[in-house]
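Student: the following comprises the amino acid sequence and a computationally predicted model.
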Amino acid sequence: MDTKALRQKILDLAIHGKLVPQDPNDEPASVLLERIRAEKERLIKEGKIKKGKKSAKTSDKPHYPYELPKGWVWCKLDDIVVFQGGYAYKSNTYVNQSMWQVIRIGNVKNDSLNLKIQPVFVDEKTGKETQKYQLHKDDILFTMTGTKGKRDYFYSVKVQTIEKKLLLNQRVGCLRLFTPYINVDFLCLSLKCQYILDAIFSTETGNVSQGNIGSESTLNLKIAIPPFAEQCRIVTEVNKWYMAIEQLEQEKDKLQSSIDQVKSKVLDLAIHGKLVPQDPNDEPAIELLKRINPKAEITCDTPQYGKLPKGWCLCKISSVVDIVNGKSQKNVESPTGKYPIYGSGGIIGKAMEYTCLAGSTIIGRKGTINHPIFVEENFWNVDTAFGMKANNQILEDKYFYCFCLYFDFSKLDKSSALPSLTKTAIGNLILPIPPLAEQQRIVAKIEELFSQLDKIESSLQA
């Protein structure tokens, strides 16, 4: 289930007046708006707030996004809030710690305020000199700059409490209600609605990479206002739904974790000979291995795998697997190439030639070292990835791939920086080998179980 889309649907119902029933006894929002406008005029005359810029008249008849329920009214954001922009604090005023913390774009992310993300403080002198930019409880913060075209800003969040003296940095905006007739939580929810996001990002300016939205565009946003009592009912209902969605997400995370654990357990049972029954008629792996590679270093038991089932044996990977070093793709890469080029994380291009045969398993040499990839076609591997092809006279390709899924290759990493593996370290690993026929049964059972688990996993993302 797409819980993000579900949240947006709840908001959509809320701001269209379809989440809670209307009450004909509620005082109409138009009456509230008249009071709010009178209150604003009074505050302007008293010099407590500034008069906003008068927007250009675009038409005789204003256009509204949709039809409102009875008792609701449209207004501009500028009708109900005052805007406060941020201040460009200089790094030479920063101190290690103080009661004055500067709120920057990075502190307002995904509609939440996090004071622990790269906190920046200024000294008391600077704080007092810039008190104009100090935040109040119930202010609504929003970010005004991000990546052009990505919609990775205009995050909005209410300031819950003021434990520290919080100061507004540049490109973080503040919306401050001056009236008790608007529920701040309702307004905060409204700013997250899809039609508001579409409207504000339609005004985005900036350069190729950086996107900006301005205060004037923000204050010109059209907000649907219900009666005050209905605002409060909407907030209560949305919060109830959000709590249910959060519980659903927690259960979803638990189920995902359980699926991962079950897959790990299936692989563990497979590699220890406990996933499928043994067949005494199968040719023992040790007999087959002796014929194919008389020089192979063979053993039957090891503390790592315990007592092996009858017919199994152990040997080094290098005895039964060809490990191919990767090469630079510079001279073979082509957009019309027939063969995929693989790095440690997956396909990165196409090549005219190949280095590894179909049925090989890729293990990263550097970087991503614990993400095996099974490739069903010939391919070129670059120098950050090993291509490993099993000797099919003794070892099934997919059985070896399943072993690679099971094994934690990070145990072989001796580097202090970028994770890395060596061909020797992989080759010296001890591999449990069942009879060839049993390997085929093991692979079939793993694929059957994983397919069922993958269906459950897919349903979580639907």
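Tutor: Received the coordinates, thanks.
Student: output the below-cut-off pLDDT ranges for this protein.
Tutor: Residue ranges of the chain with pLDDT under 70: 1, 54-61, 299-301, 416, 462.
Student: for it, what spans make up the helices?
Tutor: With helices called from DSSP state H, the chain shows them at 3-15, 29-45, 77-80, 124-129, 184-190, 194-201, 215-219, 228-271, 285-292, 317-320, 397-406, 423-427, 436-461.
Student: now render those helices as TSV, adding distance to residue 103.
Tutor: Backbone N, C-alpha and C define where each C-beta goes, glycine included. Output for the helices of the chain, formatted as TSV (distance: least, Cβ to Cβ, whole Å):
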stretch	distance to residue 103
helix 3-15	25
helix 29-45	25
helix 77-80	20
helix 124-129	13
helix 184-190	16
helix 194-201	20
helix 215-219	17
helix 228-271	24
helix 285-292	65
helix 317-320	54
helix 397-406	45
helix 423-427	49
helix 436-461	35
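Student: deepest-packed of those, please.
Tutor: By mean neighbour count, with neighbours taken as mean count of other Cβ atoms under 10 Å, helix 397-406 ranks first of the helices of the chain at a mean of 23.
Student: ok, residues contacting that one?
Tutor: With Cβ atoms under 8 Å, 6 or more residues apart in numbering as the test, helix 397-406 has contacts from 264, 267-268, 270-271, 321, 359-361, 363, 372, 374, 388-390, 431-432, 434, 439-440, 442-443, 446-447.
Student: show me the contacts for residue 124.
Tutor: By Cβ under 8 Å, 6+ apart, residue 124 lies in contact with 98, 99, 100.
Student: one more time with 10 Å
Tutor: By Cβ atoms under 10 Å, 6 or more residues apart in numbering, residue 124 lies in contact with 95, 98, 99, 100, 165.
Student: and the gap between residue 313 and residue 225?
Tutor: Using Cβ to Cβ, to the nearest Å, residue 313 is found at 77 Å from residue 225.
Student: more crowded one of the two?
Tutor: residue 225 (28 against 23; other Cβ atoms under 10 Å).
Student: so what pairs up with the more buried one in the strands?
Tutor: Under DSSP bridges, the beta-bridge partners of residue 225 are residue 73.
Student: what do you get for residue 374?
Tutor: Counting by DSSP bridges, residue 374 is bridged to residue 361.
Student: that one against residue 356, yeah?
Tutor: No. Under the criterion of Cβ atoms under 10 Å, residue 374 is not in contact with residue 356, lying 11.6 Å apart.
Student: still on that earlier bit, among the contacts of residue 124, who's most crowded?
Tutor: Ranked by the number of neighbours (other Cβ under 10 Å), the contacts of residue 124 place residue 100 first, at 24 neighbours.
Student: that one reaches residue 162, doesn't it?
Tutor: No. Using Cβ under 10 Å, residue 100 is not in contact with residue 162, being 11.7 Å away.
Student: which residues are in contact with both of these two?
Tutor: Taking Cβ under 10 Å, 6+ apart as the contact rule, residue 100 and residue 162 both touch residue 134.
Student: state the number of residues packed around residue 336.
Tutor: With other Cβ under 10 Å as criterion, residue 336 counts 6.
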